[in-house]
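Q: predicted model and sequence below, questions to follow.
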Amino acid sequence: MGRGKIEIKRIENTTNRQVTFCKRRNGLLKKAYELSVLCDAEVALIVFSSRGRLYEYANNNIKSTIERYKKACADSSSSGAIVDVNSQHYYQQESAKLRHQIQILQNANRHLMGDALSSLNVKELKQLENRLERSITRIRSKKHELLFAEIEYMQKREVELQSDNMYLRAKIAENERVQQLSIVEAGAEYDAIPGAFDSRNYYHANMLEAAAHYSHHQDQTALQLGYETKADSAA
C-alpha cells in the first residue's frame, strides 16, 4: 500500500518541525552532492535554520561560486537592458512602417473617391483610371450575377405558384362537383316523396267522385221510377 500524500504546510509542533528539518536538510545536501558529481555541475547550497544556524555545501569554494553568481546576474541585467533597447527600436521602426502604410492607403482611398487629384501626374492618373475601370467591371459583373440569381429564383417561384394555383382550382372544382351531386340527389329524394302522396290523394279523389256519381245515379233512377208510376196512374 502506497504512502499517503503529505500536505505541505508549516509544522506547528516544534519538536516535529526540528526532526523534519534535519531529515530534509540531509536529503537536500545529498541531492546537491549527487548533482555535482553526476552532472559535473558547480553547486553551492546555503541553508539557515529557523534558529539562524547556517548549513552549507559546495563542491567548489562557496565564495567563488557566489562571486560567479553575482557576475552572471550583472551580465544578465546588462544584456537585458540591451535587449530592451533593441526591442524598443524595433517596435519604433515597425510603428513607423505601419503609419506610412496607413497614410498610403488613406491617400489611395481619397484618390478613388476623386479627391486630392492635384498631387497626381498623368501616369498616376492613368493608373487610377485603369483601377477604377477594373473595379467598375467587377462591380457590374457581380451585379449581373445577383440579378440573374434573383430572376432565376423568381421564375422558380412563379412555377411553384402556378402549380399551387392549379391544385387549388382542382380542389375547388372537385368540391363544387360534390356539392352539385349532393343537391341533385337531395332533389330526387324530395321529388319522390310528393309523388307518393299525390297517388294516394288521386286514389281518394277517384273514390269520392265514384261515390258521388253513384249517389246521383240512384237519385235519377228514383226520379224516373216515380214519374213512371204517376204516368201509369193517370192513364
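A: Received the coordinates, thanks.
Q: which helices and strands does the helix or strand where Cys73 lies pack with?
A: Counting by DSSP states H and E, the element that carries Cys73 is helix 62-112. Counting by 3 or more CB pairs under 8 Å, 6 or more residues apart in numbering; DSSP states H and E, the packing neighbours recorded for helix 62-112 are strand 44-48, helix 122-234. For every residue, glycine as well, the C-beta is placed using N, CA and C.
Q: chain center to the shortest one: distance?
A: Going by CA atoms, centre = their mean, to the nearest Å, the spacing between the C-alpha centre of strand 44-48 and its chain's C-alpha centre is 64 Å.
Q: which residues touch it?
A: Here strand 44-48 makes contact (CB atoms under 8 Å, 6 or more residues apart in numbering) with 25, 28-29, 32, 54-58, 60, 62, 65-66, 69.
Q: tell me the strands beside that strand, with direction?
A: For strand 44-48, the paired strands and their directions (DSSP bridges) are strand 54-58 (antiparallel).
Q: the partner strand vs helix 62-112, what angle?
A: Interaxial angle, strand 54-58 versus helix 62-112 (axes from the mean of the first three to the mean of the last three CA atoms, to 10 degrees): 80 degrees.
Q: go through strand 54-58 and flag the buried ones.
A: Along strand 54-58, these residues count as buried under the neighbour rule (16 or more other CB atoms under 10 Å): 57-58.
Q: which ones are touching the residue nearest the centre of the chain?
A: Among the residues of the chain, the one closest to the centroid is Tyr153, at 23.3 Å (CA atoms, centre = their mean). Residues near Tyr153 by CB under 8 Å, 6+ apart: none.
Q: model confidence for it, exactly?
A: pLDDT recorded at Tyr153 is 93.
Q: ditto for Ala211
A: Turning to Ala211, the model gives it a pLDDT of 51.
Q: same question, Ile139
A: Model confidence at Ile139, expressed as pLDDT, equals 92.
Q: and stretch 18-29, what's buried?
A: Residues of stretch 18-29 classed as buried: Phe21 (neighbour count, 16+ other CB under 10 Å).
Q: residues touching it, excluding its own?
A: For stretch 18-29, contacts defined as CB under 8 Å, 6+ apart pick out 11, 45, 47, 49-50, 55, 57.
Q: from the chain's centre, how far out does that stretch sit?
A: From the chain centre to the centre of stretch 18-29 is a distance of 63 Å (CA atoms, centre = their mean).
Q: keeping just the C-alphas, turn that stretch into CSV.
A: Extracted in CSV, the C-alpha atoms of stretch 18-29 (Å, rounded to 0.1, in the frame of the first residue of the first chain):
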residue,chain,number,x,y,z
GLN,A,18,13.1,20.2,14.1
VAL,A,19,13.1,16.5,13.3
THR,A,20,11.7,17.1,9.8
PHE,A,21,14.3,19.8,9.2
CYS,A,22,17.2,17.6,10.0
LYS,A,23,15.9,14.8,7.7
ARG,A,24,15.1,17.1,4.8
ARG,A,25,18.4,19.0,5.2
ASN,A,26,20.4,15.8,5.0
GLY,A,27,18.4,14.7,1.9
LEU,A,28,19.0,18.1,0.3
LEU,A,29,22.7,18.0,0.9
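Q: pLDDT of that stretch, averaged?
A: Mean predicted lDDT for stretch 18-29 stands at 91.
Q: with stretch 44-58 instead?
A: When the per-residue pLDDT values of stretch 44-58 are averaged, the result is 89.
Q: and that stretch, how far apart are its ends?
A: Its start and end residues considered, stretch 44-58 measures 4 Å (CA to CA, to the nearest Å).
Q: and stretch 111-130, by the same measure?
A: Span of stretch 111-130 from end to end, CA to CA: 13 Å.
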